[in-house]
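> Give me the fold of what follows.
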Amino acid sequence: MVRRALEEAIHHALKEVGLDLRPRVAKAPKDKPGDYGVPLFALAKELKRPPQALALELKDRLDLPPFVEEAIPVGGYLNFRIRTEDLLREALRPKAPLPKREGLVLIEHTSVNPNKELHVGHLRNIALGDALARILAYAGREVLVLNYIDDTGRQAAETLFALRHYRLAWDGKEKYDHFAGRAYVRLHQDPEYEALQEGIAEVLHALEQGELREEVNRILLAQMETMRALNAHYDLLVWESDIVRAGLLGKALEILEKSPHVFRPSEGKYAGALVMDASPFIPGLEDPYFVLVRSGGAATYYAKDIAFQFWKMGLLEGLRFRPYENPHYPGLRTSAPEGEAYTPRARETINVIDVRQSHPQALVRAALALAGHPELAQGAFHLAYETVLLEGRQMSGRKGLAVSVDEVLEEASKRALSIVQEKNPAHPAKEEAARMVALGAIRFAMVKTEPKKQIDFRYSEALSFEGDTGPYVQYAHARAHSILRKAGSLGEGAPLDLAQATPYERDLALALLDFEEAVLEAAEEKTPHVLAQYLLDLAATWNAYYNAKEGGQAATPVLTAPKGLRELRLGLVGSVQTTLQTGLSLLGIPAPEVM
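So this is what the prediction gives:
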């Protein structure tokens with residue numbers, strides 16, 4: 001990879017002057033000489049040298065990779081121009097997953113309460129988690145994807161109670177999770193809600209004993225139909241009732257109680273409770289004490305999260321798994337008392353949970369450190385994301401103000417079908433293309449923005465074939481595929497001729513070069529938006545190449561180009577097509593051949 005090779009060469013040269021640093025190499029601005037460059041201002045300040053002088057010295061010290069034609073000092077930058085033939089060969093090289101690395105990465109995402117249908121707020125969680133799992137696997141990591149089923153929580157208890165209390169019978173006319181969700185909303189709108197608490201508590205107790213599992217599973221199966229429609233993948237389901245039965249919470253507390261920072265105060269507001277002092281690991285807290293077990297004996301959700309994290313990273317054992325019978329995910333395994341023992345022993349975990357859970361996730365990391373495993377605390381990553389608005393509206397499932405994912409998929413598909421019919425009335429499979437465009441619009445809209453920024457999902461923007469949208473990238477892919485399809489019908493051509501390359505081919509090749517860099521950066525930073533932005537940039541460069549004009553004529557014809565140049569251009573178009581297809585697949589998005 002070009003950028004990484006340049007960074008390694010710069011790193012080696014800097015070590016010779018006493019700096020063990022690895023500055024980031026980036027694309028050089030179009031109005032500056034060279035293809036890539038590295039800014040030297042911060043380094044020059046540290047070395048107390050003028051940036052221009054440092055650029056000249058670094059140029060002389062560099063052992064340049066053979067693909068670099070020249071290093072060019074430009075003010076406080078050192079730029080690099082890549083040899084055109086090497087650039088083209090690299091751009092034409094087939095894309096393949098990166099070499100495997102040791103160490104399991106466990107990603108937990110979705111983890112929707114099994115009490116109602118998925119709503120818009122869940123979209124971002126699923127899109128981020130699923131895309132990151134795909135990206136990490138392509139980048140060489142062993143990845144395990146987990147979906148946590150909170151079947152002992154109050155939300156599930158309230159829904160099951162409401163179905164019984166109101167004597168509701170499902171008529172099959174709507175998805176079962178929507179049916180169950182309406183019962184949940186009805187309960188929270190019932191003026192007698194407070195008087196019904198005893199009945200809800202009875203259902204909650206039954207769930208904690210592992211009873212009523214099939215009733216919860218009925219809702220879960222309906223939810224999983226939506227997850228499948230979103231093209232999300234899972235390896236394991238873990239049910240909270242199985243965690244309770246396996247006694248993981250008690251085992252985790254035994255580990256923590258060995259730490260001097262976990263204790264039971266004999267007086268004050270925490271008297272009798274088991275508390276954790278997080279101040280050594282989370283500085284600046286106004287109150288550093290966090291209750292793990294209340295004085296009455298009830299565990300907090302902090303404690304449950306910690307126990308589950310301990311199991312993920314191999315500090316606890318006790319869960320068993322068997323195949324999960326369902327029509328949506330063959331090969332999926334579920335926790336079950338009668339299954340086979342399994343513990344993942346992940347060295348790295350990624351919990352995809354919204355930003356409001358940042359504090360509990362920090363406590364999970366603190367608990368790992370308190371348990372004597374600071375290295376595991378370093379490997380516990382919280383992918384925190386901001387909330388999602390739909391057409392400017394905030395969601396609330398309890399108040400019945402949420403819009404379901406099923407509704408969003410249906411509406412997006414209807415609008416996409418209208419667009420496909422308008423743009424291509426003769427399309428051979430309009431409905432399937434519309435489904436793919438709708439999925440591309442929804443998932444791309446969820447991952448193109450940095451997770452820390454709020455999203456306001458709007459149909460008209462997301463479904464546009466222009467701008468920073470999934471359909472824009474899908475359309476660029478379909479355009480490349482169309483050229484390749486036409487070329488295939490014209491028979492074999494001559495060998496490609498790199499010497500005939502024009503600046504247009506050079507620009508397109510340069511855009512293709514950064515795919516693997518984008519995948520690695522997205523994997524390292526644990527955010528898919530890096531790859532999404534790369535695909536937008538590649539699609540824009542490809543469209544500029546396709547539409548280039550000189551003197552009112554097409555500047556880059558492919559099928560009618562001279563022999564040798566035609567084959568070179570076809571090779572680059574093929575690389576564009578496979579790169580866009582691969583990149584979209586890593587975001588969980590299909591790449592239609594015709595749009």
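
> In space, what's closest to E521 - neighbours in sequence excluded?
Of all residues not flanking E521 in the chain, V530 sits nearest, at 4.9 Å (CB to CB, 6 or more residues apart in numbering). (Glycine included, C-beta is placed from N, CA and C.)

> what separates A139 from S460, distance-wise?
Per CB to CB, to the nearest Å, A139 is found 34 Å from S460.

> Let me fix that, I meant to ask about P99.
Taken as CB to CB, the span from P99 to S460 is 43 Å.

> Just give me the neighbour total for the residue nearest to E521.
Counted with other CB atoms under 10 Å, residues neighbouring V530 total 20.

> quick one: contacts for the closest residue to L274 other than its chain neighbours?
Of all residues not flanking L274 in the chain, V293 sits nearest, at 4.0 Å (CB to CB, 6+ apart). By CB atoms under 8 Å, 6 or more residues apart in numbering, the contact set of V293 is 253, 273-274, 299-300, 303.

> from those residues, which two are the most distant?
For these, the farthest-apart pair by CB to CB is L253 and A273; their separation is 12.1 Å.

> any residues in contact with both of those two?
With CB under 8 Å, 6+ apart as the test, L253 and A273 both reach 292-293.

> quick one, which of the two is more surrounded?
The residue with more neighbours, out of L253 and A273, is A273; 21 against 17, by other CB under 10 Å.

> on that earlier part again, neighbour-wise, which of A139 and S460 wins?
A139 (22 against 8).

> any idea how far that one is from E102?
Relative to E102, and taking CB to CB, A139 is found at 13 Å.

> buried residues in the strand or helix carrying S585?
Counting by DSSP states H and E, the element that carries S585 is helix 565-586. Residues of helix 565-586 classed as buried by neighbour count (16 or more other CB atoms under 10 Å): 565-584, 586.

> Surely P451 is in contact with H529?
Yes: using CB atoms under 8 Å, P451 is in contact with H529, at 7.4 Å.

> which stretches of the stretch 1-150 of the chain form helices?
Secondary structure of the stretch 1-150 of the chain (DSSP state H, counting those that start in this stretch): helices located at 2-16, 41-47, 51-61, 84-92, 120-138.

> With respect to V203, which of those lies nearest?
Per CB to CB, nearest to V203 of the helices of the stretch 1-150 of the chain: helix 120-138, 23.7 Å.

> From the chain's centroid, how far away is stretch 378-387?
11 Å (CA atoms, centre = their mean, to the nearest Å).

> residues of that stretch that come out buried?
In stretch 378-387, the ones that count as buried by 16+ other CB under 10 Å are 379-386.

> again with stretch 529-541
Counting neighbours by 16+ other CB under 10 Å, stretch 529-541 gives 529-536, 538-541 as buried.

> now what about that stretch, what contacts it?
Contact with stretch 529-541 is made by 131, 135, 444, 447-451, 468, 472-473, 475-477, 507-508, 511-512, 514-515, 518-519, 521-522, 576, 579-580, 583-584, 586-587, as judged by CB under 8 Å, 6+ apart.

> wait, what's in contact with L92?
Applying CB under 8 Å, 6+ apart, we find L92 in contact with 496, 509, 571-572, 575.

> K452 too?
Listed by CB under 8 Å, 6+ apart, the contact set of K452 reads 355, 384-386.

> Thanks a lot, catch you later.
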